[in-house]
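> Prediction below, plus the sequence it came from.
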There are 4 protein chains.
Amino acid sequence: MKSLLAIEPRYQETDQMGIIHHSVYPIWYEIGRVKFCDDLGFPYKKIEELGIGLAMIHMDVNYLKPAYFGSKLTMETKLIKFTRVRMVFRYEIFNLDHEMIHYGESHLVWVNQDLKPINLYKVNPHLYELFLKQVEA
Amino acid sequence: MKSLLAIEPRYQETDQMGIIHHSVYPIWYEIGRVKFCDDLGFPYKKIEELGIGLAMIHMDVNYLKPAYFGSKLTMETKLIKFTRVRMVFRYEIFNLDHEMIHYGESHLVWVNQDLKPINLYKVNPHLYELFLKQVEA
Amino acid sequence: MKSLLAIEPRYQETDQMGIIHHSVYPIWYEIGRVKFCDDLGFPYKKIEELGIGLAMIHMDVNYLKPAYFGSKLTMETKLIKFTRVRMVFRYEIFNLDHEMIHYGESHLVWVNQDLKPINLYKVNPHLYELFLKQVEA
Amino acid sequence: MKSLLAIEPRYQETDQMGIIHHSVYPIWYEIGRVKFCDDLGFPYKKIEELGIGLAMIHMDVNYLKPAYFGSKLTMETKLIKFTRVRMVFRYEIFNLDHEMIHYGESHLVWVNQDLKPINLYKVNPHLYELFLKQVEA
């Protein structure tokens, strides 16, 4: 599954270079993951209600072209790796001319409410299977 | 007590007008309140560990002059009203020329962990007395 | 004109009280103003391209109930006062149960690129008339 | 040169997992770079006044342990690679127990005011030499 998100950069997200500040992209990634779970029919809020969370362990963030307030962007989010303890999402952001202006990855581990890593397959095999089916290399 | 905080605006806090974005000031207010509790000898972290929190109910925010990245500012935080359920802080921000560039107030209520308002005097008379002594109109 | 905006709070906008941090609302107000200009057929980006901007001078912010990640909110933005130099927007935020959980106002002045206040009627009578028609007390 | 920065996480930087949100670290990196330029005697503000900027092209971000509101952290910033067009900073964040809880790198290119890459050696040999001397592998 590839999840699509329309992004309209916020004015507050600009900086004095006149572009979207580089720290904003990881926030967009997160919105992409939340949308991915929504599209999957298992909202992230419900995952947290099960006492399960996701902790960020690594991000790889790549800027090709600046983004601007007033522009309209599209972000594709997909799950590219998935194990019993870890998942890797990939994000690609395009402008209206279908140029990729940004891409990145984030590596997350499943954790319990004490932020200790868990084996998702053991804790919730249903959720494990659901995500596993979405992997797209 | 008047609590003093040195502020060096972050580059990320600028916007494409070339100034500090107006949404940043309430974040500085919060740092001022945290510093106020530190100066009082009762860090906000310890207050939360007692199962007590503060919920924002009202802010009054006034912009006199812009703030810039690269400038150095000073913020004065004081407690101007205090009852058993509510407290009002006032913040004044000055530039290096001692001009006031911004002022504001925030009204907060004491809450328990379910975010229900509490009477601080009943729940923690020691903390109540400590804050009460700091009121400065 | 009353401009409507659907808000889905971001996970990044939560704080450790488990609610949307109070500093986020002014950012939502700004998105409401941008949407208002879009609805008006005069995107804020175009206003800036004319060398005209809006500087915040005052905000009045009122919190009635917390907002949460995973909830869906609606914000109404309207222009309640308008003069040749100043405009006041009012924002009301509702949850899915149609309860108002938040309201606020922001006062802005029209400025040129040096951030000096301008008389919009003199600088751009067309834009002045356009906004004037939208005032709703 | 290794630049040292004391970090006191802001309450606003927490999320509902009770930790500092992962999107905050790149903002801290930026504060580290600004401090690095200050320590070098060439504040970033002055660099921008020369019509020169830095554009982010890549970040590598690694989370070892969570950070918390109320904790005190230290960040070391150093310049680990430097060419005529590009520079790589490395950041390491430690808690009070001297444990590294986070590390990352950011790759930036020198740009002019149109955000076009420039050869710093050609544009400002003095600034080039100044940074070159600080490289520490």
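Received the coordinates, thanks. As the structure is a computational prediction, the values presented were derived from the model and not from experiment. Numbering: from 1, shown residues only, chains lettered A, B, ... in the order given.
> And stretch A:78-85, what's buried?
Within stretch A:78-85, the residues scored as buried using 16 or more other Cβ atoms under 10 Å in any protein chain shown are A:78, A:79, A:82. Using the backbone N, CA and C atoms, a C-beta is placed for each residue, glycine as well.
> and the angle from the helix ranked longest in chain A to helix D:25-40?
Using DSSP state H, we find that the single longest helix of chain A is helix A:25-40. Orientation of helix A:25-40 against helix D:25-40 (axes from the mean of the first three to the mean of the last three Cα atoms, to 10 degrees) gives an angle of 180 degrees.
> which secondary structure elements does helix A:25-40 contact?
For helix A:25-40, the elements it packs on are strand A:2-7, helix A:44-49, strand A:53-63, strand A:73-82, strand A:86-94, strand A:100-111, judged by 3 or more Cβ pairs under 8 Å, 6 or more residues apart in numbering or on different chains; DSSP states H and E.
> buried ones in the second one?
Under the neighbour-count criterion of 16+ other Cβ under 10 Å, helix A:44-49 has A:44, A:47, A:48 buried.
> which residues are in contact with the longest helix of chain A?
Residues outside helix A:25-40 that contact it (Cβ atoms under 8 Å, 6 or more residues apart in numbering or on different chains): A:1, A:3-5, A:7, A:43-44, A:47, A:54, A:59, A:61, A:63, A:75, A:77-79, A:89, A:91, A:93, A:102, A:104, A:106, A:130-131, A:134, C:10-12, D:22-23, D:26, D:61.
> Give me the buried entries from these.
Buried members of these, scored by 16+ other Cβ under 10 Å, are A:3, A:5, A:7, A:43-44, A:47, A:54, A:59, A:61, A:63, A:75, A:77-79, A:89, A:91, A:93, A:102, A:104, A:106, A:131, A:134, C:10-12, D:22-23, D:26, D:61.
> And residue A:5, how far from chain B?
23 Å (Cβ to the nearest Cβ, to the nearest Å).
> Hmm, that residue is touching residue A:72, no?
No. Shown here, residue A:5 and residue A:72 do not form a contact pair, counting by Cβ atoms under 8 Å, at 11.5 Å.
> Enumerate the residues of chain A near chain C.
A:10, A:11, A:12, A:27, A:30, A:31, A:34, A:43, A:44, A:45, A:69, A:70 (Cβ under 8 Å from any Cβ of the partner chain).
> just curious, which of these is nearest to residue B:114?
Checking the residues of chain A next to chain C against residue B:114 by Cβ to Cβ gives residue A:45 as the nearest, at 18.6 Å.
> three-state assignment of residue A:18?
Secondary structure assignment for residue A:18 (DSSP: H, G, I helix; E, B strand; the rest coil): coil.
> For it, grab the count of nearby residues.
When neighbours are defined as other Cβ atoms under 10 Å in any protein chain shown, residue A:18 has 15 of them.
> Ignoring the adjacent residues along the chain, who's closest to it?
residue B:16 (4.7 Å; Cβ to Cβ, 6 or more residues apart in numbering or on different chains).
> how much space between the one you found and residue D:48?
According to Cβ to Cβ, to the nearest Å, residue B:16 and residue D:48 sit 14 Å apart.
> try residue A:127
Look at residue A:127 and residue D:48: by Cβ to Cβ, they are 48 Å apart.
> same check, this time on residue A:67
20 Å.
> what does residue A:36 give?
38 Å.
> What residues does the residue nearest to residue A:18 make contact with?
Residue B:16 sits next to A:11, A:14, A:15, A:16, A:17, A:18, A:19, A:69 when contact means Cβ under 8 Å, 6+ apart.
> which ones are touching residue A:89?
Counting by Cβ under 8 Å, 6+ apart, residue A:89 touches A:29, A:32, A:33, A:36, A:77, A:78, A:79, A:80, A:105, A:106, A:108.
> let's go with 6 Å and repeat that
Contacts for residue A:89 (Cβ atoms under 6 Å, 6 or more residues apart in numbering or on different chains) come out as A:33, A:77, A:79, A:106.
> May I have the predicted confidence score for residue A:133?
Listed pLDDT for residue A:133 reads 96.
> ah, wrong one, I meant residue A:1
Taking residue A:1 on its own, its pLDDT is 89.
> Name all residues that make contact with it.
Residues in contact with residue A:1 (Cβ under 6 Å, 6+ apart) are residue A:134.
> how close does it sit to residue A:80?
12 Å.
> and the closest residue in space to residue A:17 that isn't next to it in sequence, how many residues sit next to it?
Using Cβ to Cβ, 6+ apart and skipping residues adjacent in sequence, the residue nearest residue A:17 is residue D:53, 5.9 Å away. Counted with other Cβ under 10 Å, the neighbours of residue D:53 add up to 19.
> so residue D:53 bridges to which residues?
Per DSSP bridges, residues listed as beta-bridge partners of residue D:53: residue D:111.
> separation between it and residue A:24?
With Cβ to Cβ as the criterion, residue D:53 and residue A:24 are 17 Å apart.
> residues in contact with residue A:80?
Counting by Cβ under 6 Å, 6+ apart, residue A:80 touches A:88, A:90, A:137.
> one more time with 7 Å, if that's ok
A:88, A:90, A:135, A:136, A:137 (Cβ atoms under 7 Å, 6 or more residues apart in numbering or on different chains).
> Kindly present those residues as a markdown table, with separate columns for distance to residue D:118 and neighbour count.
Formatted as a markdown table, the contacts of residue A:80 follow (distance: Cβ to Cβ, whole Å; neighbours: other Cβ atoms under 10 Å in any protein chain shown):
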| residue | distance to residue D:118 | neighbour count |
| --- | --- | --- |
| A:88 | 35 | 17 |
| A:90 | 31 | 20 |
| A:135 | 42 | 14 |
| A:136 | 39 | 10 |
| A:137 | 38 | 7 |
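> Out of those residues, flag the one nearest to chain B.
Closest approach between these and chain B, by Cβ to the nearest Cβ: residue A:90, at 25.0 Å.
> for that closest one, which residues make a bridge with it?
residue A:78, residue A:105.
> Could you report the distance from it to chain C?
Counting by Cβ to the nearest Cβ, the gap from residue A:90 to chain C is 19 Å.
> Need phi/psi at the residue lying closest to residue A:123 once chain neighbours are set aside.
Excluding the flanking residues, the one nearest residue A:123 by Cβ to Cβ, 6+ apart is residue A:52, at 6.7 Å. Main-chain torsions, residue A:52, degrees, to the nearest 10: phi -110, psi 140.
> Any chance of the buried residues of helix A:44-49 in TSV with pLDDT and distance to chain D as columns?
Shown next, in TSV, are the buried residues of helix A:44-49 (pLDDT from 0 to 100; distance: Cβ to the nearest Cβ, whole Å):
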residue	pLDDT	distance to chain D
A:44	98	11
A:47	97	12
A:48	97	8
